[in-house]
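> heads up, no residue letters with this:
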């Protein structure tokens with residue numbers, strides 16, 4: 001790949017650098033002698049599989065980690081970034097992959113956290129100025145959110161938008177964006193890109209991490225690829241295509257397209273009729289059969305995740321009927337669903353999927369611990385054996401099963417959530433955005449895992465914002481729009497454009 005620079009071309013424009021940086025965690029190497037540079041006013045995409053070292057590198061640049069070796073330079077001067085506050089003081093802001101809002105503060109208070117406008121009296125905040133500035137920042141992204149609403153009342157996409165607006169409003173010289181569009185609608189993505197271009201024109205530089213290939217080639221000026229903690233190289237985005245970039249990331253070429261043939265579905269395991277919840281969805285009807293994958297498409301806010309939450313008892317429906325194996329089921333809480341043989345991988349893995357500081361083993365067995373007990377006593381050998389089987393089945397990469405989940409890459413964290421959901425051996429599996437934040441290599445592994453569930457005779461409800469994923473895996477495809485199921489389509493014959501036509505609001 002190589003760096004496309006001749007005779008120091010554009011070197012004088014370098015603003016932020018990592019030079020020979022190395023970092024290990026508990027004997028596990030995350031980075032080895034990695035160098036990286038960010039020029040003023042550029043969007044520099046940082047690409048690689050989960051575990052390649054991307055998040056570790058940007059966390060060093062954002063003051064969250066200190067390197068074991070190497071150094072960081074800002075505008076040609078060596079700096080010691082021991083905390084995020086020091087990074088911000090040097091003009092470096094970061095938007096994290098995992099959302100970190102203060103849930104009980106308002107949107108405005110989150111946006112201006114640490115930069116609140118002072119009131120007339122010492123120690124007070126000018127609430128009017130706070131709301132006006134919050135409104136201005138949201139307007140930059142062309143989004144309409146209530147600035148006085150508590151953060152906990154917002155959707156994942158709306159919280160992501162607030163995080164982005166907060167970083168943009170810090171007037172940083174460099175903004176690090178780790179999967180910033182993972183939960184955004186197409187309209188919100190377009191608004192974000194317009195904002196990035198406007199800030200670029202003012203000299204702001206961006207480090208952009210994403211697994212969405214189309215975004216890379218739309219927004220990036222240059223691309224750096226990491227693999228296994230080592231820098232593979234850097235090149236202009238115009239000098240690469242998707243196939244070449246994927247090969248550099250994973251060390252091999254991946255074959256896309258349809259993952260599985262059409263399954264011969266068995267008996268109905270789950271059926272829903274007239275399912276409704278005010279403001280979320282209405283009169284939803286669907287049937288899920290043994291051995292099939294039913295895809296559920298739709299734009300953000302269409303009601304897909306809300307329906308899934310009702311089926312698993314996270315937010316029960318107000319009206320309608322759910323039948324499991326032909327019998328009417330009352331699902332008010334997740335234990336009700338699990339008792340009926342339903343498992344779920346939720347949309348937001350950090351909020352709902354795992355306990356960050358708990359080990360891989362304990363996270364996997366947490367919801368099914370009774371399987372590893374004799375009376376009230378945990379049989380630790382049985383727990384370790386069950387966790388080992390789950391780790392092998394889902395391909396989790398960890399130093400050992402005692403490693404804290406928070407230390408894993410995003411893709412491996414997602415696999416832990418998968419392993420926990422499958423621990424009880426459910427017949428019905430609900431997957432809400434199962435590959436969100438997962439790299440192309442890990443995504444192929446998850447696709448194979450999903451297809452394998454259906455091949456084992458399980459019924460799978462697959463919700464995804466990636467139409468290519470739905471068309472590659474689903475046997476049937478339902479489309480939701482504004483809370484209603486509006487179409488059933490054949491994934492083998494329909495195009496992405498046709499799906500979008502049905503999903504777009506009228």
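Yep, that arrived. Computed from a predicted model, the values in this text were never measured in an experiment. Residues are numbered from 1 along each chain as shown.
> Specify the beta-bridge partners of residue 92.
residue 174 (DSSP bridges).
> That one is in contact with residue 174, isn't it?
Yes - under the criterion of C-beta atoms under 8 Å, residue 92 makes contact with residue 174 at 4.9 Å. In this view, the C-beta of every residue, glycine as well, is placed from N, C-alpha and C.
> in the host helix or strand of residue 411, what counts as buried?
With secondary structure defined by DSSP states H and E, residue 411 is part of helix 410-422. For helix 410-422, a neighbour-count test (16 or more other C-beta atoms under 10 Å) marks 410-422 as buried.
> Pick out the most distant pair among the residues you listed.
410 and 422 (19.0 Å; C-beta to C-beta).
> Find the residue ranges of the stretch 401-506 of the chain scoring beneath the pLDDT cut-off.
Within the stretch 401-506 of the chain, the stretches with pLDDT under 70 are 437, 439, 506.
> Now with 80, please.
Applying pLDDT under 80 to the stretch 401-506 of the chain flags the ranges 409-411, 436-443, 504-506.
> Please, where are all the strands along it?
Using DSSP state E, counting those that start in this stretch, the strands found in the stretch 401-506 of the chain span residues 428-432, 459-463, 476-481, 484-489.
> mind putting the ones you listed in JSON lines, mean neighbour count and distance to residue 470 included?
Formatted as JSON lines, these follow (neighbours: other C-beta atoms under 10 Å; distance: least, C-beta to C-beta, whole Å):
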{"stretch": "strand 428-432", "mean neighbour count": "24", "distance to residue 470": "11"}
{"stretch": "strand 459-463", "mean neighbour count": "25", "distance to residue 470": "7"}
{"stretch": "strand 476-481", "mean neighbour count": "23", "distance to residue 470": "6"}
{"stretch": "strand 484-489", "mean neighbour count": "17", "distance to residue 470": "10"}
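> Mind putting these into TSV with distance to residue 132?
Shown next, in TSV, are the strands of the stretch 401-506 of the chain (distance: least, C-beta to C-beta, whole Å):
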stretch	distance to residue 132
strand 428-432	37
strand 459-463	38
strand 476-481	35
strand 484-489	38
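> and for residue 92 and residue 174, which residues touch both?
Residues touching both residue 92 and residue 174 (C-beta atoms under 8 Å, 6 or more residues apart in numbering) are 16, 61.
> So for these two, which residue has more residues nearby?
More crowded of residue 92 and residue 174, by other C-beta atoms under 10 Å: residue 92, with 28 against 23.
> Report the contact partners of that one.
16, 61, 62, 63, 74, 81, 172, 173, 174, 176.
> Can you give me the distance of the nearest residue to the fifth one once chain neighbours are set aside to residue 383?
Read it as residue 74. Using C-beta to C-beta, 6 or more residues apart in numbering and skipping residues adjacent in sequence, the residue nearest residue 74 is residue 90, 5.0 Å away. Counting by C-beta to C-beta, to the nearest Å, the gap from residue 90 to residue 383 is 46 Å.
> Next: residue 72.
Taken as C-beta to C-beta, the span from residue 72 to residue 383 is 42 Å.
> And the two? Which one has more around it.
Neighbours were counted for residue 72 and for residue 383 using other C-beta under 10 Å; residue 72 has more, 23 against 20.
> can I see the domain layout of the chain?
Domain ranges of the chain: 11-102+166-250, 254-341+426-506, 356-421, per automatic domain parsing.
> any chance of those in a markdown table, plus distance to residue 153?
A markdown table is the format used below for the domains of the chain (distance: least, C-beta to C-beta, whole Å):
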| stretch | distance to residue 153 |
| --- | --- |
| domain 11-102+166-250 | 11 |
| domain 254-341+426-506 | 12 |
| domain 356-421 | 23 |
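> hang on, the earlier thing: next, the contact list for the residue nearest to residue 74, please.
Neighbour list for residue 90: 74, 79, 81 [criterion: C-beta under 8 Å, 6+ apart].
> What of residue 394?
Counting by C-beta under 8 Å, 6+ apart, residue 394 makes contact with 415, 416, 418, 419, 422, 449.
> What of residue 296?
By C-beta under 8 Å, 6+ apart, the residues touching residue 296 are 286, 304, 307, 308, 461, 462, 463, 477, 478, 480.
> any idea which element it lies in?
Using DSSP H and E, residue 296 maps to strand 293-297.
> Given that strand, what are its sheet partners and their directions?
Partners of strand 293-297 in its sheet, by DSSP bridges: strand 459-463 (parallel), strand 476-481 (parallel).
> Run through who's touching the longest one.
It refers to strand 476-481. Contact with strand 476-481 is made by 281, 284, 286, 292, 294-299, 302-304, 307, 470-471, 485-491, 494, 499, 502-506, as judged by C-beta under 8 Å, 6+ apart.
> taking the contacts of residue 92 one by one, which sit in strands?
Members of those lying in strands (criterion: DSSP state E): 16, 74, 174, 176.
> And the residues you listed, which is closest to residue 457?
Taking the ones in strands among the contacts of residue 92 together and measuring to residue 457 by C-beta to C-beta, the closest member is residue 176, at 44.5 Å.
> tally of neighbours for the closest one?
Using other C-beta under 10 Å, residue 176 has 27 neighbouring residues.
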